[in-house]
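Student: no FASTA, just this:
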């Protein structure tokens, strides 16, 4: 049943690349072209041919044992194919040849907000930080107010590593594998779902009730704002007695 659903989606969605096109763009998944990695897999920088043009792209290849499984892979493709906003990451296409799970996005030269804040990326001025936060907020507002979809979208994984930065440091919200369409029955203001989100960004009410609302995204975005203001990650694992809202003590 899942395969039938996926095949029907392919006719509606964005460009489907062959595995040979992906291998050509990444030089056979050469480690030299890796620009990011995590539990999901690796992200490669590659140049891919679209019509008569060659486009620089970010190519995310998911591990077969990735926590982001096939359901989330298809959810992200379907969601991004329907959404268009200057503060959302743009989807170029995907590949599922040979049971691979590969997503192709526009390339973001300045990396992630997390990378700029803590991981040796370019130092951000206060004006740049303000502009990034405003841009991300606009992207989130677009999702929540239902522009482009009937009931709006709850992202469910807002965090600094999912805010990408283009060459001008404009913010683009990314990673829609966990996103949920808002409640269809408008008498309800929540969606009942199991808790899936990154530790440190989880809305306590959502955690205890399994009731997902737009406020859950707003809570997570508030944590991002604290990160930008304080220059400290949402969770710091330390061994000292130092305490505070951004520390998790061993």
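Tutor: Arrived safely. Here the structure is a predicted model, which means the values were calculated and not measured. Numbers count the residues shown, from 1 in each chain.
Student: tell me the SS of residue 121?
Tutor: For residue 121, the assignment made with DSSP: H, G, I helix; E, B strand; the rest coil gives coil.
Student: what's the distance between it and residue 159?
Tutor: 16 Å (CB to CB, to the nearest Å). Backbone N, C-alpha and C define where each C-beta goes, glycine included.
Student: of these two, which one has the most company?
Tutor: residue 159 (22 against 15; other CB atoms under 10 Å).
Student: show me the domain layout of this structure.
Tutor: 2-106, 113-249 (automatic domain parsing).
Student: mind putting these into a markdown table with mean pLDDT?
Tutor: Output for the domains of the chain, formatted as a markdown table (pLDDT from 0 to 100):
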| stretch | mean pLDDT |
| --- | --- |
| domain 2-106 | 82 |
| domain 113-249 | 80 |
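Student: list the contacts for the residue at minimal distance from the centre of the chain?
Tutor: Geometric centre of the chain, nearest residue: residue 175, 1.8 Å, by CA atoms, centre = their mean. Contacts for residue 175 (CB atoms under 8 Å, 6 or more residues apart in numbering) come out as 76, 89, 157, 162.
Student: now, of those, which are buried?
Tutor: For those, a burial check counting by 16 or more other CB atoms under 10 Å picks out 76, 89, 157, 162.
Student: shouldn't the last one be in contact with residue 177?
Tutor: What that stands for is residue 162. No - taking CB atoms under 8 Å as the definition, residue 162 is not a contact partner of residue 177, at 10.1 Å.
Student: what are the ranges of the helices in the protein?
Tutor: Secondary structure of the chain, counting by DSSP state H: helices at 2-10, 19-25, 70-82, 113-118, 126-144, 204-209, 214-230.
Student: can you put the ones you listed in JSON lines and add distance to residue 102?
Tutor: Listed next are the helices of the chain as JSON lines, based on distance: least, CB to CB, whole Å:
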{"stretch": "helix 2-10", "distance to residue 102": "14"}
{"stretch": "helix 19-25", "distance to residue 102": "6"}
{"stretch": "helix 70-82", "distance to residue 102": "9"}
{"stretch": "helix 113-118", "distance to residue 102": "22"}
{"stretch": "helix 126-144", "distance to residue 102": "24"}
{"stretch": "helix 204-209", "distance to residue 102": "31"}
{"stretch": "helix 214-230", "distance to residue 102": "27"}
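Student: closest one to residue 97 among those helices?
Tutor: helix 19-25 (3.9 Å; CB to CB).
Student: so residue 201 makes contact with residue 226?
Tutor: No - using CB under 8 Å, residue 201 is not in contact with residue 226, being 10.7 Å away.
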